[in-house]
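Enquirer: Sequence unavailable; structure follows:
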């Protein structure tokens, strides 16, 4: 098969990922949960943070920078908070452990904060927020990264792309879900567009002279991502750095490593923050659900411009993509399949959907 994208059965992609992670030393549970995080992200159409990352994770697991058999540990805690050492496990392993602890504490206290330090690259922050929302919690997830984003007026990177995600439960529906980088665009989208030969938007990158550039080949060595919405994105990115790295005592800015470019035996020391609110503790659940539904209906009913059916809530496109993918398969782009071919080769597999170029 060839072409820009190929429909891949969800179960087959999940099995490939799970098997590859097991082969790299993860136990069955961690392999399955990590695979689900990556495959679900692909299902939702966020291909920069799905299985495209798997090969890089496997390389660092084999190199020892990420520890396949590590189990995150609670360093210190109170009734409504905890700080967790991820001990250089995969970021998905650390993040899933952290969000479970946050939900457990929020059930008892109404709201909880958990900081996760010294973990791997966490992937899609929204995956963990949505997991909590599907269990009745409002959640916010943040993560820091090695600097790649300029500040207004700088000629080089100051902060990471520092994602922030939130999810809100919706009765009898999918959560409202926002997951965004605090850069104008996630770095993975720059890589993907450049690899595919697509034009780079002039709003995405800041060149070595501090001015916008459309040359994707300059990133990341000689260009920075632009901050989302200028000084506003810079301010939110700094907030994410505080919740993810500063508060739990983790690595910040240049202390965080590059999981893609550093020697494979080095940990990346990523960090994340998880804030979870138990709706049932703070508001009558039925009343909250009705108020959320009323707000959704109000937004859906606003007048729209020509050609626009209705205004969407954050996450609606992604949940619709996931539903279709579960039935018809994931439309996996060629740049993602190219990253998965070496993974399948190590396993001695050659599925039809990985053929072509």
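Expert: Structure received. None of the values given here were measured: they were computed from a predicted structure.
Enquirer: Figure out how far the helix or strand that residue 22 is a member of is from the centre of its chain.
Expert: If you go by DSSP states H and E, residue 22 is part of helix 10-23. A distance of 19 Å separates the centroid of the chain from that of helix 10-23, by CA atoms, centre = their mean, to the nearest Å.
Enquirer: Starting from it, tell me the next helix or strand along the chain.
Expert: helix 28-43.
Enquirer: The helix or strand following that next one: which residues count as buried?
Expert: Downstream of helix 28-43, the next assigned helix or strand under DSSP H and E is helix 54-63. Residues 54, 55, 56, 57, 58, 59, 60, 61, 62 are the ones in helix 54-63 that count as buried (16 or more other CB atoms under 10 Å). Bear in mind the C-beta positions are built from the backbone N, C-alpha and C, glycine included.
Enquirer: Show me what the mean pLDDT comes to for the helix or strand that helix 54-63 is followed by.
Expert: Per DSSP H and E, the first helix or strand lying C-terminal to helix 54-63 is strand 73-78. What strand 73-78 shows for mean pLDDT is 98.
Enquirer: Counting by contacts, list what strand 73-78 packs against.
Expert: With contacts defined as 3 or more CB pairs under 8 Å, 6 or more residues apart in numbering; DSSP states H and E, the packing partners of strand 73-78 are strand 81-85.
Enquirer: So which elements touch the strand it packs on?
Expert: Right, strand 81-85 is packed against strand 73-78, helix 91-109, strand 111-119 by 3+ CB pairs under 8 Å, 6+ apart.
Enquirer: what angle do the shortest one and strand 111-119 make?
Expert: Spelled out, that is strand 73-78. Put simply, strand 73-78 runs at 150 degrees to strand 111-119, going by axes from the mean of the first three to the mean of the last three CA atoms, to 10 degrees.
Enquirer: and strand 73-78, which strands flank it?
Expert: strand 81-85 (antiparallel) (DSSP bridges).
Enquirer: ok, and for the strand it pairs with, which residues are buried?
Expert: Under 16+ other CB under 10 Å, the buried positions of strand 81-85 are 81, 82, 83, 84, 85.
Enquirer: go on, stretch 309-325?
Expert: Counting neighbours by 16+ other CB under 10 Å, stretch 309-325 gives 313, 314, 315, 316, 318, 319, 321, 322, 325 as buried.
Enquirer: residues in contact with it?
Expert: With contact meaning CB atoms under 8 Å, 6 or more residues apart in numbering, stretch 309-325 is reached by 10, 40, 42-46, 126, 130, 167, 174-178, 296, 299-302, 304, 331.
Enquirer: distance between that stretch and the chain's centre?
Expert: For stretch 309-325, the distance to the chain centre is 18 Å (CA atoms, centre = their mean).
Enquirer: Pull out the buried members of the contacts of stretch 309-325.
Expert: Counted by 16+ other CB under 10 Å, the contacts of stretch 309-325 give 10, 40, 42-46, 126, 130, 167, 174-178, 296, 331 as buried.
Enquirer: out of the buried residues of strand 81-85, who's nearest residue 103?
Expert: Residue 103 lies nearest to residue 82 out of those, by CB to CB, at 11.6 Å.
Enquirer: hang on, isn't residue 203 packed against residue 225?
Expert: No: the criterion here is CB atoms under 8 Å, and residue 203 misses it with residue 225 at 10.2 Å.
Enquirer: Check the gap between the residue nearest the centre of the chain and residue 257 for me.
Expert: For the chain, residue 124 is the residue whose C-alpha lies nearest the centre (CA atoms, centre = their mean; 1.2 Å). To residue 257, residue 124 is 20 Å away according to CB to CB, to the nearest Å.
Enquirer: now do residue 75
Expert: Taking CB to CB, one finds residue 75 at 20 Å from residue 257.
Enquirer: neighbour-wise, which of these two wins?
Expert: Shown here are residue 75 and residue 257; by other CB atoms under 10 Å, residue 257 has more neighbours (20 against 14).
Enquirer: show me the contacts for the more buried one.
Expert: Applying CB under 8 Å, 6+ apart, the residues near residue 257 are 146, 251, 266, 267, 268, 269.
Enquirer: If you rank the residues you listed by neighbours, which is first?
Expert: Within those, residue 146 tops the neighbour count with 25 neighbours, counted by other CB under 10 Å.
Enquirer: quick one on the thing from earlier: any idea which of the helices and strands packed on strand 81-85 is most buried?
Expert: Of all these, strand 111-119 carries the top mean neighbour count, a mean of 25, counting by mean count of other CB atoms under 10 Å.
Enquirer: What distance do you get for the residue nearest to residue 90 when sequence neighbours are not counted to residue 184?
Expert: The spatial neighbour of residue 90 that comes closest, neighbours along the chain excluded (CB to CB, 6 or more residues apart in numbering), is residue 120 at 4.7 Å. When distance is defined by CB to CB, residue 120 is 25 Å away from residue 184.
Enquirer: next one: residue 295
Expert: From residue 295 to residue 184 the distance is 28 Å (CB to CB).
Enquirer: More neighbours: which of these two?
Expert: residue 184 (23 against 14).
Enquirer: these two touch, right, that one and residue 232?
Expert: No: here residue 184 does not reach residue 232: they are 11.2 Å apart, not a contact under CB under 8 Å.
Enquirer: okay, which residue of this protein is out on the far edge from center?
Expert: Residue farthest from the centre of the chain, counting by CA atoms, centre = their mean, is residue 306 at 33.3 Å.
Enquirer: This completes my enquiry, with thanks.
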